[in-house]
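Visitor: Structure for the following, please:
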Amino acid sequence: MGEENRELETRVKHLEERVEMLAEIADSETKPFTFLALESGLSHEQVKKILDLMERVRDTMKQKKPMHHAQFEQAIYEIVPTHKGDYHFAESVVLTLKDEHRYEDVYKHMKKSGMNLH
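Guide: Below you'll find the predicted structure:
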């Protein structure tokens, strides 16, 4: 059992180092959301849930019952509990997706709703 644990620890360490290297080579200029996801250690499931949330925001806009930025931030905290209370992270999600030319309508809405976006 001890040898098996050491082997697993070695493999995990190797994978962590690879992820760090990927984050270093990820192009934060052309893929800022991907870079944010890597840098923040988001799982594939968390990324999917964030994109689903962006779609929900878009749907609320279409229904003329748009989500307020505080509700959006709370939803982000539920998806990524390690960033609970970190409104800068929620802003970064919206901003990096807009910088990838995705969800630009959501960006405009969140800015209008009071989210501190530039």
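Visitor: Run through who's touching stretch 72-90.
Guide: For stretch 72-90, contacts defined as Cβ atoms under 8 Å, 6 or more residues apart in numbering pick out 40-42, 46, 49-50, 53, 57, 69, 93-94, 110, 115-116. Yep, even glycine has a C-beta here, placed from its N, CA and C like the rest.
Visitor: ends of it, how far apart?
Guide: 8 Å (Cα to Cα, to the nearest Å).
Visitor: list the buried ones in stretch 88-105?
Guide: 89-99, 103 (16 or more other Cβ atoms under 10 Å).
Visitor: Low-confidence ranges, the chain, go.
Guide: 1, 23-26 (pLDDT under 70).
Visitor: Tell me where it has helices.
Guide: Along the chain, counting by DSSP state H, helices occupy 2-25, 32-40, 44-62, 69-79, 87-99, 104-113.
Visitor: from the middle of its chain, how far away would the fifth one be?
Guide: The chain centroid and the centroid of helix 87-99 are separated by 8 Å under Cα atoms, centre = their mean, to the nearest Å.
Visitor: by how many degrees do it and helix 32-40 diverge?
Guide: If you take axes from the mean of the first three to the mean of the last three Cα atoms, to 10 degrees, helix 87-99 sits at 150 degrees to helix 32-40.
Visitor: could you check the angle helix 69-79 makes with helix 87-99?
Guide: If you take the same axes, to 10 degrees, helix 87-99 sits at 100 degrees to helix 69-79.
Visitor: when you give positions from now on, start the count at 36
Guide: Sure, I'll start numbering at 36, so the last one becomes helix 122-134.
Visitor: how big is the angle separating helix 122-134 from helix 79-97?
Guide: Going by the same axes, to 10 degrees, helix 122-134 is angled at 80 degrees with respect to helix 79-97.
Visitor: Repeat that for the longest one.
Guide: Compare the direction of helix 37-60 with that of helix 79-97 by the same axes, to 10 degrees and you get 40 degrees.
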